[in-house]
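Enquirer: No sequence on hand, only this structure:
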């Protein structure tokens, strides 16, 4: 069967997006948006690939890598994503795949919301600018999170998921652990 107008849909929800209450970022809504677009364009949907709770900088995304293997094998000729950043936030991968290997493999890449389309010759510079901005966003987010953690550590606030042994949970007001009142004192109280 010819792969002409056969589309792979790729969806990704990062762990940073999981906290958002905006439904537009959900995997289900990405799938719906992209399936509706594919049908409206007369594309045949080959497969929907979806990675949940994965960073756009992560190169080890299982469905992402499966999609790339299938693209290499010529199973489809279009990749649809909500935005280029859903595909990757890594500028090196944009250059490697969207501007490189996809051309060799005869794959058209479409980022629906940000109007990225490799069939439009004039928007390569825009794709490169999007790639830079997306990578910078990830770097800024990482630095902001580290700064918050450093401040919490400096203030003696608890950062872990569970209270240390011998402590009873976390006081949500101060985020500090409280020793359990079990008659057993932590080793540090004997020092």
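Expert: That came in fine, so what should we check first? Here the structure is a predicted model, which means the values were calculated and not measured. Numbers count the residues shown, from 1 in each chain.

Enquirer: can you map out the helices along this structure?
Expert: Using DSSP state H, the helices of the chain run over 27-40, 62-72, 84-87, 91-93, 102-104, 124-154.

Enquirer: for the fourth one, what is the average pLDDT?
Expert: This points to helix 91-93. Mean pLDDT, helix 91-93: 81.

Enquirer: Over to the third one?
Expert: Within the predicted structure, the mean pLDDT of helix 84-87 is 85.

Enquirer: Return the list of helices and strands in contact with that helix.
Expert: Counting by 3 or more CB pairs under 8 Å, 6 or more residues apart in numbering; DSSP states H and E, the packing neighbours recorded for helix 84-87 are strand 6-13, strand 108-111, helix 124-154. For the C-beta atoms, the positions are set from N, CA and C on the backbone; glycine is no exception.

Enquirer: who does the second one touch, helix- and strand-wise?
Expert: If contacts are counted by 3+ CB pairs under 8 Å, 6+ apart, strand 108-111 sits against strand 78-81, helix 84-87, strand 116-117.

Enquirer: Pass me the low-pLDDT residue ranges in this structure, would you?
Expert: The chain contains residues with pLDDT under 70 at 1-3, 15-25, 123-149, 158-191.

Enquirer: How is it divided into domains?
Expert: With domains defined by automatic domain parsing, the chain comprises 6-142, 156-190.

Enquirer: would you turn the helices and strands packed on strand 108-111 into JSON lines with mean neighbour count?
Expert: Below are these laid out as JSON lines (neighbours: other CB atoms under 10 Å):
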{"stretch": "strand 78-81", "mean neighbour count": "26"}
{"stretch": "helix 84-87", "mean neighbour count": "24"}
{"stretch": "strand 116-117", "mean neighbour count": "20"}
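
Enquirer: Indicate which one of these is closest to residue 47.
Expert: When the helices and strands packed on strand 108-111 are ranked by proximity to residue 47, the top entry is strand 78-81, at 10.8 Å, counting by CB to CB.

Enquirer: roughly how far apart are residue 64 and residue 4?
Expert: Applying CB to CB, to the nearest Å, one obtains 24 Å for the distance of residue 64 from residue 4.

Enquirer: Those two: who's more crowded?
Expert: For residue 64 versus residue 4, neighbours defined as other CB atoms under 10 Å are more numerous around residue 64 (21 against 11).

Enquirer: Now do that one against residue 89, distance only.
Expert: From residue 64 across to residue 89, the span is 12 Å (CB to CB).

Enquirer: The nearest residue to residue 46 once chain neighbours are set aside: what's it in contact with?
Expert: Once flanking residues are discounted, residue 46 sits nearest to residue 76: 4.1 Å by CB to CB, 6 or more residues apart in numbering. By CB atoms under 8 Å, 6 or more residues apart in numbering, the contact set of residue 76 is 3, 6-8, 46-47, 70, 107.

Enquirer: For those, name the two members farthest from one another.
Expert: Going by CB to CB, the pair spanning the contacts of residue 76 furthest: 47 and 107, at 13.9 Å.
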